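In: My questions concern the predicted model and sequence given below.
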Amino acid sequence: MASSIAKFYAGICNIEATLAKASIAIMTALVLVSAVARTMRQPVDWAVDFAIFLFVWSVFFCADMAMRNDKLVTVDLVTVHLPKKIQFYLKLVNYTIMMAFLAYMVHYASWLSYTSRFVRFQGIAWFSYSWVVLSVPVGCTLLFITTALKLWEHYRKGC
């Protein structure tokens with residue numbers, strides 16, 4: 001059972017990495033196409049707006065990947081000088097606070113995504129703003145899972 005869940009989670013992580021890479025590549029291409037088209041006096045109005053949409057999604061995917069791989073910036077100027085036992089408990093408290101915040105964000109952004117379903121996103125008349133806002137609950141859910149796994153790993157490892 002545990003190995004099938006681990007395989008499922010690894011699959012989600014691979015999909016997340018692929019989507020992040022694709023979003024960044026497409027976003028870069030859209031900005032380039034938009035700049036070239038504007039130079040040729042044939043602007044592509046929707047290109048930058050869609051690039052912003054892809055940027056928002058890639059931010060959350062990349063944040064989760066950075067969290068999972070311990071690549072986020074940390075400031076431990078004070079805590080590094082504390083006893084190991086206090087550092088252990090502070091990290092548990094920190095993870096718990098993060099999880100509470102992420103759970104709130106999932107709840108609030110899900111509601112916001114639903115209520116903004118009829119709002120159009122910037123210059124793209126056929127594109128709902130809900131797709132942009134949906135990046136928050138999806139990204140925060142992924143970050144919540146990663147944080148929960150980090151908390152469990154830290155707790156299991158002990159002081």
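Out: Done, it's in. Computed from a prediction, not measured in an experiment: that's the story for all the values here.

In: Return the residues in contact with residue 120.
Out: By C-beta atoms under 8 Å, 6 or more residues apart in numbering, the residues touching residue 120 are 126-129. All C-beta spots, glycine's among them, are computed from the backbone N, C-alpha and C.

In: Kindly report the same for residue 62.
Out: Contacts of residue 62 (C-beta under 8 Å, 6+ apart): residue 20.

In: what's the pLDDT at it?
Out: Looking at residue 62, its pLDDT is 97.

In: Buried ones among the contacts of residue 120?
Out: Buried by 16 or more other C-beta atoms under 10 Å: 127-129, out of the contacts of residue 120.

In: I'd assumed residue 29 was in a strand, is it?
Out: No: applying DSSP: H, G, I helix; E, B strand; the rest coil, one finds residue 29 to be helix, outside a strand.

In: before we move on, back to that, so which of the buried ones among the contacts of residue 120 is the closest to residue 85?
Out: Closest approach between the buried ones among the contacts of residue 120 and residue 85, by C-beta to C-beta: residue 129, at 47.6 Å.

In: tell me which element the residue most central in space within the chain is part of?
Out: Central residue of the chain (C-alpha atoms, centre = their mean): residue 60, 1.5 Å from the mean position. Taking DSSP states H and E as the criterion, residue 60 maps to helix 45-68.

In: Could you tell me which of the buried ones among the contacts of residue 120 belong to strands?
Out: Among these, the residues falling in strands (DSSP state E) are 127-128.

In: Out of the buried ones among the contacts of residue 120, which is nearest to residue 92?
Out: Nearest to residue 92 among the buried ones among the contacts of residue 120, counting by C-beta to C-beta, is residue 129 at 37.4 Å.

In: thought the closest one was touching residue 116?
Out: Yes: counting by C-beta atoms under 8 Å, residue 129 does reach residue 116; the two are 4.7 Å apart.

In: follow-up on the earlier one: without its sequence neighbours, what residue ends up closest to the residue nearest to the centre of the chain?
Out: Nearest residue to residue 60, sequence neighbours excluded (C-beta to C-beta, 6 or more residues apart in numbering): residue 139, at 2.4 Å.

In: List the contacts of that neighbour.
Out: 57, 59-61, 63-64.

In: Thank you, goodbye.
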